[in-house]
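Novice: sequence first, predicted coordinates after that:
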Amino acid sequence: MAMKRSELNEILRKGKEFCERMNFRLPKWAEWSPEDWESAGHEWDEIRDNQLGWDITDFGKGDYENIGLLLFTIRNGNALMDKYVKPYCEKILIVGDGQVTPCHYHWEKIEDIICRGGGDLICQVWNGDEEGARLDTPVPVNVDGHAYEVEAGTKVRLTPGESITLVQYNYHEFWGEPERPGDYVLVGEVSAVNDDERDNRFHDETVGRFPEIEEDEAALHLLCTEYPEAP
Ligand SMILES: [Fe+2]
């Protein structure tokens, strides 16, 4: 099911307003219009090639408020192109009240998910196996260097300033619990190189990553999958 451009624009407006309120600043090109991207030369190719910038998904479920995520990739390497040397990635995630990012693991990427403020982030964890099964074995957890073990399916509460390390095959699902109902939680992600085309294993295999878009008005900003080539 496609997402409407008008819906994406509204999500971007609210997300940017929240970042402002949280005093979290983004690179200048976060504000660029589609026309700005049309005229941006090859010196901006790292942003295009590594899919930096705005990213909105409803995970193919057509219910963004409940199952969805707004992200901005601030920096990233590239798993396929040698000229990009960064072995790391950083994103900011704007997570809604009870808005779920569905259960998934990564084959390659190790990541820290960081609750930066605005409320708590609840992160439910399981071990997974190579076939994608979710196991009921105890899960090793690491919260800011504190290593311990929890039962499968435990909901780990991250309060502002706390983070959890998720290693390969570590199934995770998370949602926000903002201070004010209906508001957002600001979440950081610091990880190894991110490759959304190849490195997400969703437990529910019908989950999608990038939405199809129905153009019902002009785009406020392009998403990271939409940049035109340099002129
Ligand atoms: Fe993840």
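Specialist: Thanks, I have the structure now.
Novice: which elements pack onto the longest helix anywhere in the chain?
Specialist: Longest helix in the chain by number of residues, with DSSP state H as the criterion: helix 5-21. Applying 3 or more Cβ pairs under 8 Å, 6 or more residues apart in numbering; DSSP states H and E, one finds that helix 5-21 contacts strand 53-57, strand 69-75, strand 88-96, strand 184-192, strand 213-214. Where you see a C-beta, it was placed from the backbone N, CA and C, and this is true even at glycine.
Novice: so E43, which state does it fall into?
Specialist: Here E43 is helix, with the state taken from DSSP: H, G, I helix; E, B strand; the rest coil.
Novice: roughly how far does it sit from Q51?
Specialist: Counting by Cβ to Cβ, to the nearest Å, the gap from E43 to Q51 is 17 Å.
Novice: who has more neighbours, those two?
Specialist: Between E43 and Q51, counted using other Cβ atoms under 10 Å, Q51 has the larger neighbour count: 20 against 8.
Novice: any chance of the backbone angles for the closest residue to the more buried one other than its chain neighbours?
Specialist: With Cβ to Cβ, 6 or more residues apart in numbering as the criterion, Q51 has its nearest non-adjacent residue at 4.2 Å, and that residue is C224. C224 has phi and psi values of phi -60, psi -10 when expressed as degrees, to the nearest 10.
Novice: tally of neighbours for C224?
Specialist: Per other Cβ under 10 Å, the neighbour tally for C224 reads 21.
Novice: contacts only, for it.
Specialist: 51-55, 73 (Cβ atoms under 8 Å, 6 or more residues apart in numbering).
Novice: can you check F202 too?
Specialist: Counting by Cβ under 8 Å, 6+ apart, F202 touches 59, 102-104.
Novice: quick check: the two most widely separated of those?
Specialist: F59 and C103 (10.6 Å; Cβ to Cβ).
Novice: closest to M81 out of the contacts of F202?
Specialist: Closest approach to M81 among the contacts of F202 (Cβ to Cβ): H104, at 24.5 Å.
Novice: contacts for the helix or strand containing that closest one next, please.
Specialist: For H104, the element it lies in under DSSP states H and E is strand 101-105. For strand 101-105, contacts defined as Cβ under 8 Å, 6+ apart pick out 59, 67, 69, 95, 124, 126, 128, 134, 166, 168-175, 200-204, 207.
Novice: ok, of those, which come out buried?
Specialist: 59, 67, 69, 95, 124, 126, 128, 166, 168-175, 200-203, 207 (16 or more other Cβ atoms under 10 Å).
Novice: what about E215, how many neighbours?
Specialist: Counted with other Cβ under 10 Å, the neighbours of E215 add up to 10.
Novice: ok, now which ones touch it?
Specialist: In this structure, E215 makes contact with R5, judged by Cβ under 8 Å, 6+ apart.
Novice: distance of it from N23?
Specialist: Using Cβ to Cβ, one gets 33 Å for the distance from E215 to N23.
Novice: kindly report the same for E31.
Specialist: Here E31 is placed at a distance of 16 Å from N23 (Cβ to Cβ).
Novice: cool, D195 as well?
Specialist: From D195 to N23 the distance is 30 Å (Cβ to Cβ).
Novice: quick one: closest of the helices and strands packed on helix 5-21 to L220.
Specialist: By Cβ to Cβ (comparing all of the helices and strands packed on helix 5-21), the closest turns out to be strand 53-57, at 9.2 Å.
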